[in-house]
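Chemist: here's a sequence, model it:
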Amino acid sequence: MPVGEKFWAALASCFDEVYYGQYVSFYMKRIFFLDDSGPPFGHMLLALGGYLGGFDGNFLWNRIGAEYSSNVPVWSLRLLPALAGALSVPVAYQIVSELHFSHCAAMGAALLMLIENALITQSRLMLLESLLIFFNLLAVLSYLKFFNSQKHSSFSLRWWFWLMLTGVSCSCAVGIRYMGVFTYLLVLSVAAVHAWHLIGDQSLTNIVVFCHLLARAVALLVIPVVLYLLFFYIHLMLLYRSGPHDQIMSSAFQASLEGGLARITQGQPLEVAFGSQVTLRNIFGKPLPCWLHSHQSTYPMIYENGRGSSHQQQVTCYPFKDVNNWWIVKDPGRHPLVVSNPPRPVRHGDIVQLVHGMTTRFLNTHDVAAPLSPHSQEVSCYVDYNVSMPAQNLWRLDIVNRESDRDIWKTILSEVRFVHVNTSAILKLSGAHLPDWGFRQLEVVGEKLSRGHHESMVWNVEEHRYGKSQEQRERELELHLPTQVDISRNLSFMAKFSELQWRMLTLRSEDSEHKYSSTPLEWVTLDTNIAYWLHPRTSAQIHLLGNIVIWDSASLATAFYALLFLWYLLRRQRSICDLPEDAWPRWVLAGALCAGGWALNYLPFFLMEKTLFLYHYLPALAFQILLLPIVLQHISDHLCRTQLQRSLFSALVVAWYSSACHVSNTLRPLTYGDRSLSPGELQALRWKDSWDILIRKY
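Modeler: Residues are numbered from 1 along each chain as shown. I've put the predicted structure just below:
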């Protein structure tokens, strides 16, 4: 890859650099964040570049094209992606060579990786695709070197090195992007087939076969899992401060971070007792994290659809901390709303009443339809209107994550459900936004137990104090005061990892249509591009676009390989072997790794509903590029029957490589952004127009 002054031509933030840059800043400041796009290893590599360059994290990543200030080490932030892109070139050469194809084919694969414009563009910026492609290719190369060395030096130091590096590379690929799991599955599948053949090798003893299988299991299963956990361990160890993404996580997770909720909950009692003052957070946290809430306003007597209500005090779920989020846990058999001495802890199965701290009305539900969820019961704070609607305010505490039926209700740690004694309904967040009369807050309902269990039915105590004031006025003053100023930080790493991993897999941001988004079909035909950067004063710009000669030829080579493979397979079934016995396994293995790598890294995108961009295709393209010179050599060696045919075909291949280099050089201004372009020049360089230019020239 080119280095030097032109390598760093764009000294302004480009496209997704704004996205990843904010996470680099979080690492520099040790602030926790959650990115649902993938595991943290790729982010940590980018942050490592920033750390090596002395970046302090003080840059506002809020606008594409914003010029970098002097304290942003651009060269350092972009160095590791550039290095990965550069190293992918010799790795591609080595892969084709390890597949036992010729030096010319290997050189051809390396040249295509070197001149492909989309790969160059992606590796020049602070982005993750070049890192992902490098580790994908390194995993394949390491496995091939391991496989080729086992025939002569099984269990040697070299054999162990390449086997272990295969597992490490697979883990790194998955740790950068979840897409890396496709290449991991590819390597596992090929390794499983080879292991199956190994089991059938009668020249090996049972002990030797067992050792082979054990070594593969350790290197390809255990090591990737351990490394994957290690990535998260380092991630959580570095990011120990509270940040803007805290509310997505559970109260226990938030309390383990420095600042934020931990500052509020420090020193508060662990065990909830009768008379405790608590805030109750819904575990589900969708569409927003929120707390059980009430206020003086009542449900309207008649809803917009003409249906009547109980006209009781509203109970909602409020996505902000507020004094009206406080509730008092009352013993139904005793009148005082204070904690006794000694405190009487609340246990699983106890019957409690929940008293709203500011209005002193009891949490209630009854056989009245909820405002927006008529199949569920309305939840309210009971107002005695002296009508024939008695209070139904007894709730049974159900600790969901208990270890025994005598477990005590604990602050932050216990996940609880409130089961209504009279109707067996469960207190639940419906997630619907109430109309203006409900201040757009979230609806809370009573859901019948028969409808099953869901996280929206589960709550936990976030803030907690022991109530001490007997008089209403003093209690209200107490509720306005800050909570006691440490619940012990006993959340284990595995608990943190499990929660963080689950949030990353289930959290889905609301994907809006992006002007540069595209479909998988558009990638193959290169009917799309992405404008990465535009110079604020000149017309110099950077676009993510591919070399049309390479992309179309790679697609044709993949289709040709698939058809030719099926043809060979049918003829072999008829005992007609078109290829020598030593060439057939090589042909099959090349297809399994290259064509299989393309298919596994491309076809799953047809099933995804997320917003997709052209750069999602680059890992699949890298495998296609490896397959292209392999197919060309196969045609020359096995389909060209005479020396004249081989000479003519070789001349065509040289002309084709020359055309690919010409298109790459033609698109150079949009790849490097190193010179101004007139509107006419820009139009002439646009994607498919480059192919038309080439056809007209030749």
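Chemist: got a pLDDT number for the residue lying farthest from the centre of the chain?
Modeler: Each residue of the chain has a distance to the centre, and by Cα atoms, centre = their mean the biggest one is for Asn386: 55.2 Å. Looking at Asn386, its pLDDT is 73.
Chemist: do you know how far the residue nearest to Ala583 when sequence neighbours are not counted is from Leu579?
Modeler: Once flanking residues are discounted, Ala583 sits nearest to His638: 7.4 Å by Cβ to Cβ, 6 or more residues apart in numbering. (C-beta placed from N, C-alpha, C; glycine too.) His638 sits 6 Å away from Leu579, taking Cβ to Cβ, to the nearest Å as the criterion.
Chemist: go on, Gly306?
Modeler: Relative to Leu579, and taking Cβ to Cβ, Gly306 is found at 78 Å.
Chemist: got it, and Phe135?
Modeler: Note on Phe135: its distance to Leu579, by Cβ to Cβ, is 32 Å.
Chemist: ditto for Leu280
Modeler: Relative to Leu579, and taking Cβ to Cβ, Leu280 is found at 70 Å.
Chemist: what about these two, which has more around it?
Modeler: More neighbours surround Leu280 than the other of Leu280 and Leu579, with 23 against 17 (other Cβ atoms under 10 Å).
Chemist: who does the host helix or strand of that one touch, helix- and strand-wise?
Modeler: If you go by DSSP states H and E, Leu280 is part of strand 276-282. For strand 276-282, the elements it packs on are strand 291-298, strand 326-330, strand 459-466, judged by 3 or more Cβ pairs under 8 Å, 6 or more residues apart in numbering; DSSP states H and E.
Chemist: mean neighbour count, mean pLDDT and distance to Tyr51 added to the ones you listed, as CSV?
Modeler: Putting those into CSV (neighbours: other Cβ atoms under 10 Å; pLDDT from 0 to 100; distance: least, Cβ to Cβ, whole Å) gives the following:
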stretch, mean neighbour count, mean pLDDT, distance to Tyr51
strand 291-298, 20, 96, 38
strand 326-330, 25, 96, 43
strand 459-466, 23, 92, 34
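Chemist: now render those strands as JSON lines, adding distance to Ala495.
Modeler: Output for those, formatted as JSON lines (distance: least, Cβ to Cβ, whole Å):
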{"stretch": "strand 291-298", "distance to Ala495": "22"}
{"stretch": "strand 326-330", "distance to Ala495": "26"}
{"stretch": "strand 459-466", "distance to Ala495": "14"}
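Chemist: low-confidence ranges in the stretch 501-650 of the chain?
Modeler: Along the stretch 501-650 of the chain, the model assigns pLDDT under 70 to residues 508-513.
Chemist: do a quick rundown of the helices in it.
Modeler: For the stretch 501-650 of the chain, the helices defined by DSSP state H, counting those that start in this stretch occupy 520-525, 548-573, 583-590, 596-602, 618-634, 643-666.
Chemist: residue ranges with poor pLDDT in the protein?
Modeler: In the chain, residues with pLDDT under 70: 1-12, 449-452, 481-490, 508-513, 682-698.
Chemist: residue contacts, the residue nearest to Ser414 when sequence neighbours are not counted?
Modeler: Nearest residue to Ser414, sequence neighbours excluded (Cβ to Cβ, 6+ apart): Ile399, at 5.3 Å. With contact set as Cβ atoms under 8 Å, 6 or more residues apart in numbering, Ile399 has these partners: 348, 407, 409, 414-416.
Chemist: can you tell me who Ile399 pairs with across the strands?
Modeler: Val416 (DSSP bridges).
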